[in-house]
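In: turn this into a structure:
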Amino acid sequence: MKYPTHLSRWRAALLGAGLLVTVCAQAQEGKSSFDVLNLPVSSHINALGGNNISIVEEDITVMYHNPALVGQEMSMQMAANYMRYVAGINLGGVSYAQAARAHGTWAVGLQYAGYGTMKQTDATGVLTGTFNPKDIMFSGLYAHDITSSLRGGIHAKMLYSSYESYTALAMFVDLGLNYYNVDKELSLSLVVKNLGGQLKKYDTENIAMPWDIQLGFSKTLNNVPFRLSITAQHLIRWHLPFEKVSDTGELEVKDSFASNLFRHLVFGVDYIPSRNFYLAIGYDYKRKSDMASAGRRILSGFTAGAGIRVKMFGIGVSMAQHHANGFTFMTNITADISQFLHR
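Out: Residues are numbered from 1 along each chain as shown. Alright, predicted model coming up:
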């Protein structure tokens, strides 16, 4: 993949993004709502630990993780995604990309998260009925080849939430950059995610947004079909303490340098013997430490998946068991419509 050159229009955009990041950093409190925005949409990325912003693939679903990974090689690609998440939560959606002139690509998407049927009670605990909470996200993206190796992208997202009688509407923007050296098969990325705020509040209270700054690294090893990835997330704060059950059964707080460092990192490894097949595994220490329970410490934080491409279709699956009662399954189906039309 190579990207050709226009730089001036991006300088002002990047400067504005930097100023916006500075303003948001001053308001960050470490707690947020609308965290559905951080759930994986790509089954390949889910298999790599649940978050990755630097794998260069012809898969449109990477748009939800880094808008700068979308390019003209994805033109006329359509995708459908589905995830069976913990506690009976279902997530699904569709996406489509189209080339725009010589150096640009636009994409649109719709994502839906349904949280099942929940009981509704009054203040005294008397059952009054049921309700079905949900989140719906509409999104539009534009990516542009800045140079032969550098691509930038912007992803605008409008999220509608409905929880019983409470509804909210919020607008968010992701800003991404990706550097890709095709000869060395080296990819470096920077993403500022979920900048924005509420257009309509659940009530009168102001809530923090789930914004984040992330860095990504992916590199295919020389002469072997393995690709290593490291994603650094939650970079707006260093301390990410957590509570752990000690051998005596007491809760102890972990806030050491090593634990904070690894709770920022997500690791992934791909085995890619051809462009039509991959196997992937990932590990997220933060998810492991957040979700692990006493007596079960092995599988939490690990993910795995595989994908295959046959002619114009691609299929990917991934799975994880973050908790003893929290198995998740995810699948993506992509279709290159251009191959169908050009037959």
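In: and the residue sitting furthest away from the middle of the chain, what helix or strand is that in?
Out: When distances to the mean C-alpha position of the chain are computed (CA atoms, centre = their mean), the maximum falls on residue 124, with 39.6 Å. Residue 124 is located outside every helix and strand, with elements delineated by DSSP states H and E.
In: give me the phi and psi angles of it.
Out: Backbone torsions for residue 124, taken as degrees, to the nearest 10, come to phi -90, psi 0.
In: got a pLDDT number for it?
Out: On the pLDDT scale, residue 124 is placed at 83.
In: now do the one 4 residues further on
Out: On pLDDT, residue 128 comes in at 85.
In: ok, the helix or strand containing it: who's next to it in the sheet?
Out: For residue 128, the host element (DSSP H and E) is strand 127-131. Strand 127-131 pairs in its sheet with strand 118-121 (antiparallel), by DSSP bridges.
In: how far out from the middle of the chain is the strand it pairs with?
Out: Between the centre of strand 118-121 and the centre of its chain there are 31 Å (CA atoms, centre = their mean, to the nearest Å).
In: from now on call the first residue 22
Out: Understood, numbering begins at 22; the last thing we discussed is strand 139-142.
In: what sits up against that strand?
Out: 148, 149, 150, 151, 152, 153, 154, 185 (CB atoms under 8 Å, 6 or more residues apart in numbering). C-beta coordinates here come from the backbone N, C-alpha and C atoms, glycine included.
In: from these, list just the buried residues.
Out: The neighbour count (16 or more other CB atoms under 10 Å) marks residue 154 as buried among the contacts of strand 139-142.
In: for the contacts of strand 139-142, name the two members farthest from one another.
Out: 148 and 154 (16.8 Å; CB to CB).
In: downstream neighbour of the strand holding residue 149 in the secondary structure list?
Out: strand 155-166.
In: correct me, but residue 293 touches residue 299?
Out: Yes: counting by CB atoms under 8 Å, residue 293 touches residue 299, with 4.8 Å between them.
In: report the helix or strand with the lowest average pLDDT across the chain.
Out: The helix or strand of the chain with the lowest confidence, counting by mean pLDDT, DSSP states H and E, is helix 29-48 at a mean of 39.
In: which is the succeeding secondary structure element to it?
Out: The helix or strand immediately downstream of helix 29-48 is helix 64-68, counting by DSSP H and E.
In: and the next helix or strand after that following helix, how far from the chain's centre?
Out: Next along the chain after helix 64-68, taking DSSP H and E as the criterion, comes strand 98-105. Chain-centre distance of strand 98-105: 14 Å, with CA atoms, centre = their mean.
In: could you tell me the average pLDDT over strand 98-105, please?
Out: Averaging pLDDT along strand 98-105 yields 96.
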